[in-house]
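Asks: heads up, no residue letters with this:
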Ligand code: SF4
Ligand code: SF4
């Protein structure tokens with residue numbers, strides 16, 4: 001097994017991709033106003049909305065102000081807890097930390113098309129409930 005070198009991996013191979021965006025959980029939309037708010041989020045450049053394991057997230061591409069031009073953190077080791085918790089051995093670069101993404105959109109048009117397709121999808125008929133139960 002080769003020696004794992006996080007410095008080389010983060011700064012040189014990956015070029016610090018996890019320092020270039022923020023992601024936060026959002027409430028799954030239910031009503032018109034919720035969907036319209038997501039449409040508004042997506043009208044902004046660098047914004048992505050996605051669903052992972054039935055949870056909704058907002059992601060904004062924007063580099064951290066503490067990331068320097070050599071892809072090092074200027075405030076290490078006093079960086080944020082969320083940064084410390086992200087394990088370079090199990091992250092998006094190594095592939096192990098990939099989000100299990102069910103759907104994602106980067107524009108209002110993509111989101112509208114997805115909603116339209118959902119609306120037009122034929123409904124699967126519900127199973128009739130048995131009148132009599134065994135046992
Ligand atoms: S933790 Fe992973 S995603 Fe983040 S900079 Fe290092 S290799 Fe890249
Ligand atoms: S504080 Fe440092 S480790 Fe955390 S995102 Fe910013 S540059 Fe990256």
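Replies: Great, that's in hand. What you see is a predicted model; the values in this text were computed from it and never measured. Residues are numbered from 1 along each chain as shown. Ligands and ions are numbered 1, 2, ... in the order given.

Asks: helices of the chain, start to end?
Replies: Here the chain has its helices, by DSSP state H, at 6-7, 32-42, 81-84, 108-120.

Asks: so which of those comes closest to ligand 1?
Replies: Smallest distance to ligand 1 across those (Cβ to the nearest ligand atom): 6.6 Å, for helix 6-7. Where you see a C-beta, it was placed from the backbone N, CA and C, and this is true even at glycine.

Asks: tell me which parts of the chain are close to ligand 2?
Replies: Proximity of the chain to ligand 2, by Cβ under 6 Å from any ligand atom, involves residues 19, 64, 66, 67, 73, 75, 79, 80, 83.

Asks: one step back: can the helices of the chain go into CSV with extra columns for mean neighbour count and distance to ligand 1?
Replies: As requested, the helices of the chain are exported to CSV (neighbours: other Cβ atoms under 10 Å; distance: least, Cβ to the nearest ligand atom, whole Å):
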stretch, mean neighbour count, distance to ligand 1
helix 6-7, 11, 7
helix 32-42, 14, 24
helix 81-84, 11, 9
helix 108-120, 12, 25
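
Asks: can you tell me which of the ones you listed the model trusts least?
Replies: Mean pLDDT is lowest for helix 6-7 among those, at a mean of 80.
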